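Colleague: dropping a prediction and its sequence here:
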Amino acid sequence: MRQRNRGRVALAAVAAMCAAAALPGQAYAAGEPATYTFDPGAEKIDGAEASTDASALTAGSVYRSSIKPGQKLYYRLNLDAKTNGYVSAVAVPRGGGQVAYGDGITVSIRDSTDLQCSSEDARFESAEFARPIAAYAYRIMEKDSSICQEAGTYNVLIERESKETSAPDEWDLELRYESEPQLKSAGSMPTDAPESWPSASPVPPTTAPQKRSGGTSYYDATGLETGEWQEKGGIKPGQTLFYRVPVDWGQQIFATADLSNNNASDDFIGNALALSLDNPAYGHVDSATPLSYSGKPASVSLDPLPPVAYENRYDSTSSVSAMRFAGWYYLSVTLSPAVAKSYGDKAIPLTLRIKVEGKARNSPYAGDAGIFSVTQDDKDMARDGQSGPQAARSDTMKMVGAAGIGAGSVLVLGLGVWTLLARRRATTAPAGPSGGNQPYGGPPQTW
C-alpha cells in the first residue's frame, strides 16, 4: 500500500508537469503575425435566432461562439434580484477579412418583455482594419429603478452589422459572464458621478526601458506596471498585441504608444495604429484617436480617465462609466495591414509608456472580489511581465517541485528504514547453510 501511494504521488507530479506543458502559448503561423488565442477553457455554444431556444450562460464562465453578417443571436441569463451581471463579447474577424466603417456588434441584455436593461456596441470606425473588438452589457440593481430589477430569465442579444463591401465570413465570439460582488454597505455608497478629476499628463516614467512580448488576446495578455516597455519583436502590419495593467480603487491609468521611424518610405498612412483600453469585465473603456504614420517617429495617447471608483457607473459618458471597478485593465495595440504596402512586412519598433497614479483605496465589496480586485499576486505578475497562463505554469511547476521533493523524501526514508531493518535482522538471524548472515528474503534484487 505504501509503495502504491508513492507511485500515485509520482504520477501526480508527472501529470502536473504534462498539464503545465499543455497550457497554450501564443499561436504563430510561420512568418505571420500571431493569431488570436482563445481561452482554452471556453465552452462552445451556439447562439439561437429564437429567444426561446437560447442556451443559458453561467456566471464566471467563458464561451466560444460565432456570428454571421446581419445575424441576431440570443443567449439566456438566470438572474436573482440582488446581483449585478455583466456579459461581454469579443468579436474576432476570421483571417483578417475586409471590414468597413460602422461594421461591428451590439450587445444588449433584455428582460422577458424585451425591455432593454443596457446596451453597448463595438464598431470599426476610421481605423478600418480587422482586429478583435469588445463590448459588454449589464443588468444593474438600482434602488430607485423599476427596470430589470426582478429575478428571472433575461436574454443576451448580440447583433452584427456588416457592409456589403465587407468580407462575408463568420466572426468568432468569445463570451464572458461575470457577477459583481456584493457591497459591504450599499447604503453608504455615493450615487453621484464625479464631476472632475486630475487630467494633467503625468511625469513620464523614469525607469530604464525594458523589453516585453505582448500577448495575442485577453487570455494571454502580458502584465505591465508603471514604466516604459519596448515590444521585443516590434509590431507587424496586421498584428494586434495585448497587455494588461492592474489598476486599483482610486488609481488612474495613463497609456501612450510610440511607433518608431521606418526609413523604407515616407508615404503618409492615415489611421495606421489603433490603441484601445478595456476594463476587467472586458467592457470597452476608450480608444485613442488612430495614429497617422509617414515613416517618422509617431505617438498616440489615451485621453485622461478618472480614478477607478464605484460611483463612476452613474456617469453618462461610457469611458467614465467603464472605470467602475478595480482589476486588470487591458490594452490592445493594432498596426494596420496597409502599412505593409509602403513599409514592408517587417515589424516596426513599438514602445508603451504606462503610468498608474494614485494611492490604492479599500475595496467597497464584501469578501473576495475575484477579478474586480488587485492582489499582491497581480502586482507581482505585472512586475515580472507574466500573462495568466505563464503565472499558472509557474504555480504548477512549483507544485510539481514540491510533489517531487515529497515523493523523493518518502522514497529515501523508505530505503533508509529498509536498510536499518536489514542490518538489524543480519545481526540477529542464525547463520544460513552457507554460513552467511542474510536478512529474510536475501539481499535486494538488482535488475
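Modeller: Good, I have the coordinates.
Colleague: helix/strand/coil for residue 377?
Modeller: helix (DSSP: H, G, I helix; E, B strand; the rest coil).
Colleague: show me what contacts it?
Modeller: Counting by C-beta atoms under 8 Å, 6 or more residues apart in numbering, residue 377 makes contact with residue 391. (C-beta placed from N, C-alpha, C; glycine too.)
Colleague: what's the answer for the one 3 residues further on, then?
Modeller: When contacts are counted by C-beta under 8 Å, 6+ apart, residue 380 is found next to residue 386.
Colleague: that one in helix, strand or coil?
Modeller: Following three-state DSSP, residue 380 is assigned to helix.
Colleague: you'd agree residue 126 is up against residue 99?
Modeller: No: here residue 126 lies out of contact with residue 99, judged by C-beta atoms under 8 Å, at a distance of 11.9 Å.
Colleague: who has more neighbours, the two?
Modeller: Neighbours per residue (other C-beta atoms under 10 Å) separate residue 126 from residue 99, with residue 99 holding more: 23 against 10.
Colleague: give me the pLDDT value at that one.
Modeller: pLDDT recorded at residue 99 is 96.
Colleague: next, it: secondary structure please.
Modeller: Applying three-state DSSP: residue 99 is coil.
Colleague: check which helix or strand covers residue 242.
Modeller: For residue 242, the host element (DSSP states H and E) is strand 240-247.
Colleague: starting at the chain centroid, how far to that strand?
Modeller: Counting by C-alpha atoms, centre = their mean, to the nearest Å, strand 240-247 is centred 8 Å from the centre of its parent chain.
Colleague: name the helices or strands packed onto that strand?
Modeller: strand 222-223, strand 252-259, strand 327-335, strand 350-357, helix 376-384 (3 or more C-beta pairs under 8 Å, 6 or more residues apart in numbering; DSSP states H and E).
Colleague: quick check: angle from it to helix 376-384?
Modeller: Angle, strand 240-247 to helix 376-384, by axes from the mean of the first three to the mean of the last three C-alpha atoms, to 10 degrees: 130 degrees.
Colleague: ok, which stretches of the stretch 201-350 of the chain are strands?
Modeller: Here the stretch 201-350 of the chain has its strands, by DSSP state E, counting those that start in this stretch, at 210-212, 222-223, 227-231, 240-247, 252-259, 269-278, 284-287, 291-293, 298-301, 327-335, 350-357.
Colleague: rewinding a little: export the helices and strands packed on strand 240-247 as CSV, with columns for distance to residue 86.
Modeller: Output for those, formatted as CSV (distance: least, C-beta to C-beta, whole Å):
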stretch, distance to residue 86
strand 222-223, 22
strand 252-259, 20
strand 327-335, 12
strand 350-357, 23
helix 376-384, 19
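Colleague: compare these and give me the one nearest residue 230.
Modeller: Residue 230 sits nearest to strand 350-357 of all the helices and strands packed on strand 240-247, at 5.1 Å, using C-beta to C-beta.
Colleague: so what strands line up beside the closest one?
Modeller: Sheet pairing for strand 350-357, assigned by DSSP bridges, gives strand 227-231 (antiparallel), strand 252-259 (antiparallel).
Colleague: buried ones in the first one, by neighbour count?
Modeller: It stands for strand 227-231. 227-229, 231 (16 or more other C-beta atoms under 10 Å).
Colleague: ok, the last one next?
Modeller: Along strand 252-259, the positions that meet the burial threshold by neighbour count (16+ other C-beta under 10 Å) are 252-259.
Colleague: let me know the closest of those residues to residue 216.
Modeller: Closest to residue 216 out of these is residue 257 (17.2 Å), distances taken as C-beta to C-beta.
Colleague: and that closest one, how far is that from residue 74?
Modeller: Distance, residue 257 to residue 74, by C-beta to C-beta, to the nearest Å: 37 Å.
Colleague: so what's residue 58 closest to, chain neighbours aside?
Modeller: Nearest residue to residue 58, sequence neighbours excluded (C-beta to C-beta, 6 or more residues apart in numbering): residue 177, at 6.7 Å.
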